[in-house]
Each structure stands twice: as C-alpha cells, then as structure tokens.
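Participant: Here is my input; please provide its structure:
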Amino acid sequence: MRKLLFLTMMSALSVMPVLAADRSQALLKELDARVAALGDYRVAFEVRAEGNVSTGTYSVSGDRYHMHTDGYDVLSDGVTSWEVNHADREVLVDRVDPSSGNILTNPTRAFNFAPETFESAMQGGEIVLTPREKGGSLKSIVLRLDPETGLPAELRYRQEGLQGEVVVRILRVSKGLPADTHFTFDKVRWKDYEVVDFR
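Facilitator: Reported below is the predicted structural model:
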C-alpha cells in the first residue's frame, strides 16, 4: 500500500511542472490576444531600478511608438528611433532592433513572450520567463498579470550586471491614442537640438 501511495505521489509530482508550463503558455496566449484586440493603445508606467524611480507613458500603433518619460521623448516609425533628450537638447538617431522585447527600447514587443523565445513556468501566481538563448544579459522576466483585465500589471527584469531588478509597474492601459501622438522626429518642433545619427 505504501509503495502504491509513493508511486502515485511521484507520478503527480512529475506532472506538476508540465501543468505549470501549460498554464503559463495558456495565459501568454490569452495576453497576446488581449493586446492584439487593443489595436492602438497607450500605457502609463513606473520604472524602479537601482534606487531610482521614473514614470512615463508610451503609445503604440503597430510597429510605431512614442514614449515620454522624465525629460525624454523616444519616437519610432518602426525602422528608425529618435531619442530626444530635452535637458541636453540632443537627439540620438538609431535603427530599431525589431527583435528586442525590452519595454524601454522597443515597447511594441514588450508584451510579446513567444514560446520560441522564452521558456515559461508558473511560480506563485506569476509567470517566470527565461530566455531560451543563453549568454545574453537578460536572466529572466517575472510577469504578474492583472486578474481583472488579463493584461500585465508588473514586469520584473533580472539582468547580468545589475544589482537587484528593474521593476516596471503598469499603471494603466488605454485603448486608442491621444490626438497629439506622433512617431517621427519633428525638426521644426525641436529645431535647436543637436542631432547625432548612429545609423
């Protein structure tokens, strides 16, 4: 009898990681569908990293985005990005890395956790995502979903070389874009800014 009980427990324990991975994949598929259903959208967020706190917003339309945070605007038409530093009156121009899912460098892919890119598992009600490709600076992302909307409530990035985590709290997600949203650098609006082109 004990042997049968032991074998039953071992079988159940061996299935649990598979169920956790299946549950996390199901939640990520639901997240993809919810974000796609938004169409154009705007996100208000807060970032905490190494003792610093910053707030901002970003608007997304397809591969285009406009992020505004603490003295910076970052704009992209999906191919080129313009990082506008208002304090230094400087604009850095670069190419967009379409594969990046970093919320701060390519917010259009911030909620895209494809199974071919990330392994996923449930841990205490959160989804732990680990990059399949090893050797990069990103160790993992811990994703907490809002139980009411199914959209992200918090992302915690663990990276090599950082003390602690980068924590991004999603304060609000709104469908649609404000009327003043623009995705390319306006030479007239910021005519006195120095432009540094890295393309």
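
Participant: What residues does residue 49 make contact with?
Facilitator: Residue 49 makes contacts with 162, 164, 165, 166, 167, as judged by CB atoms under 8 Å, 6 or more residues apart in numbering. Yep, even glycine has a C-beta here, placed from its N, CA and C like the rest.

Participant: So what's the residue count around the first one?
Facilitator: Close neighbours of residue 162, defined as other CB atoms under 10 Å, add up to 13.

Participant: what's the answer for the third one, then?
Facilitator: The number of residues packed around residue 165, counting by other CB under 10 Å, is 18.

Participant: Help me confirm that it comes into contact with residue 154.
Facilitator: No. Applying CB atoms under 8 Å, one finds residue 165 not in contact with residue 154, separated by 10.4 Å.

Participant: Quick one: the helices in this protein, in order.
Facilitator: Read by DSSP state H, the chain holds these helices, from start to end of the chain: 2-38.

Participant: any weak-confidence spans in it?
Facilitator: Residues of the chain that meet the criterion pLDDT under 70 lie in 1-21.

Participant: give me every residue that touches the residue nearest to the spatial centre of it.
Facilitator: Within the chain, the residue whose C-alpha comes closest to the C-alpha centroid is residue 110; the distance, by CA atoms, centre = their mean, is 2.8 Å. Going by CB under 8 Å, 6+ apart, residue 110 touches 101, 102, 103, 155.

Participant: any shared contact partners between residue 165 and residue 154?
Facilitator: In terms of CB under 8 Å, 6+ apart, residue 165 and residue 154 are both contacted by the residues residue 142.

Participant: ok, how many other residues are close to residue 109?
Facilitator: Applying the criterion other CB under 10 Å, we find 21 residues in the vicinity of residue 109.

Participant: what does residue 68 give?
Facilitator: Other residues lying near residue 68 total 16 when counted by other CB under 10 Å.

Participant: Please apply the same query to residue 166.
Facilitator: 19.

Participant: One more: residue 134?
Facilitator: Residues within reach of residue 134, counting by other CB under 10 Å, total 7.

Participant: Could you measure from residue 192 over to residue 91?
Facilitator: Summarising the geometry, the distance separating residue 192 from residue 91, computed by CB to CB, to the nearest Å, is 11 Å.

Participant: So which of those two has more stuff around it?
Facilitator: Here residue 192 and residue 91 are set side by side on neighbour count (other CB under 10 Å), and the busier one is residue 91, at 20 against 5.

Participant: Please list all residues in contact with that one.
Facilitator: Under the criterion of CB under 8 Å, 6+ apart, the contact partners of residue 91 comprise 82, 83, 84, 85, 185, 190, 193, 194, 195, 196.

Participant: Residue 75 is in contact with the third one, correct?
Facilitator: Yes. Applying CB under 8 Å, one finds residue 84 in contact with residue 75, separated by 7.2 Å.
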